[in-house]
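Q: mind looking at a prediction? Sequence and model below.
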2 protein chains.
Amino acid sequence: MRKEIGEYVFTQGDEVSSLYLVKSGLLKAYYLSDDGKENIKSFILPGDNIGSLMASYAGKTNTFSLVCVKPTELIQVEFKALYEASRADAELSSAIVDFLLAFGMKKEIREYELLCLSAEERYRRLIENTPELFDHVTQNDIARYLGITPVGLSRIKTRINN
Amino acid sequence: MRKEIGEYVFTQGDEVSSLYLVKSGLLKAYYLSDDGKENIKSFILPGDNIGSLMASYAGKTNTFSLVCVKPTELIQVEFKALYEASRADAELSSAIVDFLLAFGMKKEIREYELLCLSAEERYRRLIENTPELFDHVTQNDIARYLGITPVGLSRIKTRINN
DNA sequence: TTGAGGAATTAACCTGGGTTAAAAACCGTG
DNA sequence: CACGGTTTTTAACCCAGGTTAATTCCTCAA
């Protein structure tokens, strides 16, 4: 399926239960707080997967929204169907285990960065690890991914350049 | 296996590759930064599991330490053996999928709290969700789990009680 | 019971980042 | 090229939480 810039794949509060594999393009997943502030959970690059475990597995409503930053080509997988099928299919089950392990590791890294690093350190790491992001995403969104405001990020940048 | 207070299950930098199921007791998992500061990743209660995916699956060295806060009874599971066995055993594989899904959801919640909530909100939530923790863990450790200093937490408490 | 070491609080001062608002730099489009 | 909107920067002021250090509280072992 194909989505254009600004189109939503799903929205906070939805009762969707699918996972998505991104073939090309760029998405952002974000939480919207009561007072209208956006906090970016993650950017999803080609080759990445995305979906709310909470919504899919635990039957809860979705906790975040997923929107296109670039025109995006993605594959939708019904979570429940996949999950049921995996119960009977050892190979599929193994693949899911690998997928979930990779997912868990990513979360573990993010947790570490948010718990242990300052906003400035997180910013330096992001430049280090995914410089390509800066070509496609506004500084605004970078800031909200780092957990700070655009103003804050601008200040960090000037601080770094002495 | 049994561990007493202060005993380590493994240490940051180790090349262990086991998962642990906690039958009774209480553990804490924490990161030690270069300048000697401790940041608590999680408390592990009876029924919980713990282990470094990074170390076990990706063959990296352990990124955090695991130490007993209360005398603890736990079961050690060799990750590689489990992983290999799961390749052939559909039932085991399914169980692992369930385990990893639960793990992923926990991480997702923690990520949300660290990204979107203030220290005070995280504190309120902790009281709400795991009040029993406060009986077994020093306020010192609670603070380091919330991502703040003990002084900071003390201030939050007095602020809350007007 | 007391004394010693750790835990928690308090106070004074500092800093990173939030908030608001205005200015400047960047667009894309007519 | 000029216009209008969106980003980014800058500035002024504010506040949560860090840091250091002193004080009080707790606990437990002798």
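A: In hand now; what should we look at?

Q: up against DNA strand D, what does chain A have?
A: With Cβ under 7 Å from any atom of the strand as the criterion, chain A meets DNA strand D at residues A:Thr138, A:Gln139, A:Asn140, A:Pro150, A:Val151, A:Leu153, A:Ser154, A:Arg155, A:Lys157, A:Thr158. No exception for glycine: its C-beta is placed from N, CA and C like everyone else's.

Q: for the residue nearest the centre of chain A, give me its contacts.
A: Centroid-nearest residue in chain A: A:Ser42, 2.9 Å away (criterion: Cα atoms, centre = their mean). For A:Ser42, the contacting residues are A:Lys28, A:Ala29, A:Ile50, A:Arg110, A:Tyr145, by Cβ atoms under 8 Å, 6 or more residues apart in numbering or on different chains.

Q: and A:Ile75, backbone torsions?
A: Main-chain dihedrals, A:Ile75, degrees, to the nearest 10: phi -110, psi 130.

Q: so for it, what's the pLDDT?
A: Looking at A:Ile75, its pLDDT is 93.

Q: ok, now A:Ser56?
A: So, for A:Ser56, pLDDT stands at 69.

Q: same check, this time on A:Ile160
A: On the pLDDT scale, A:Ile160 gets 91.

Q: gap between it and DNA strand C?
A: Distance of A:Ile160 to DNA strand C, computed by Cβ to the nearest atom of the strand, to the nearest Å: 10 Å.

Q: which residues does that residue contact?
A: Counting by Cβ under 8 Å, 6+ apart, A:Ile160 makes contact with A:Glu120, A:Arg124.

Q: cool, A:Gln139 as well?
A: Counted by Cβ under 8 Å, 6+ apart, A:Gln139 has contacts A:Pro150, A:Leu153, A:Ser154.

Q: show me where pLDDT drops low in chain A?
A: Scanning chain A for pLDDT under 70 picks out the ranges A:56.

Q: those residues of it touching chain B, which are they?
A: Contact residues (Cβ under 8 Å from any Cβ of the partner chain) of chain A with chain B: A:31, A:33, A:39, A:41, A:52-54, A:57-58, A:63, A:83, A:86-90, A:93-94, A:96-97, A:100-101, A:103-105, A:107-108, A:110-112, A:114-116, A:147.

Q: so which of these belong to helices?
A: Secondary structure from DSSP state H places A:53-54, A:57, A:83, A:86-88, A:90, A:93-94, A:96-97, A:100-101, A:103-105, A:107-108, A:110-112, A:114-116 of the residues of chain A next to chain B in helices.

Q: of the residues of chain A next to chain B, buried ones?
A: The neighbour count (16 or more other Cβ atoms under 10 Å in any protein chain shown) marks A:31, A:39, A:41, A:52-54, A:57, A:63, A:83, A:86, A:90, A:93-94, A:96-97, A:100-101, A:103-105, A:107-108, A:110-112, A:114-116, A:147 as buried among the residues of chain A next to chain B.

Q: from those residues, which are also near DNA strand C?
A: Near DNA strand C, judged by Cβ under 7 Å from any atom of the strand, the entries from these are A:Gly147.

Q: does A:Tyr123 touch A:Arg155 like I think?
A: No. Using Cβ atoms under 8 Å as the test, A:Tyr123 is too far from A:Arg155 to be in contact (10.9 Å).

Q: so between those two, which is more surrounded?
A: Taking neighbours as other Cβ atoms under 10 Å in any protein chain shown, A:Tyr123 and A:Arg155 compare with A:Tyr123 leading, 21 against 14.

Q: contacting residues for the more buried one?
A: Per Cβ under 8 Å, 6+ apart, neighbours of A:Tyr123: A:Ile142, A:Leu146, A:Leu153, A:Ile156.

Q: any of the residues you listed buried? List them.
A: Among those, the ones that count as buried (16+ other Cβ under 10 Å) are A:Ile142, A:Leu146, A:Leu153, A:Ile156.

Q: was I right about A:Ile142 contacting A:Leu133?
A: Yes. Look at A:Ile142 against A:Leu133 with Cβ under 8 Å: they come within range, at 7.2 Å.

Q: between these two, which contacts overlap?
A: By Cβ under 8 Å, 6+ apart, the residues touching both A:Ile142 and A:Leu133 are A:Leu126.

Q: what's the burial count for whichever residue of chain A sits closest to DNA strand C?
A: Closest to DNA strand C within chain A is A:Gly152: 2.4 Å, counting by Cβ to the nearest atom of the strand. Neighbourhood size, A:Gly152 [other Cβ under 10 Å]: 15.

Q: what does chain A have sitting close to DNA strand C?
A: Checking chain A against DNA strand C by Cβ under 7 Å from any atom of the strand, the hits are A:Lys37, A:Ser118, A:Ala119, A:Glu120, A:Gly147, A:Ile148, A:Thr149, A:Val151, A:Gly152, A:Arg155, A:Ile156.
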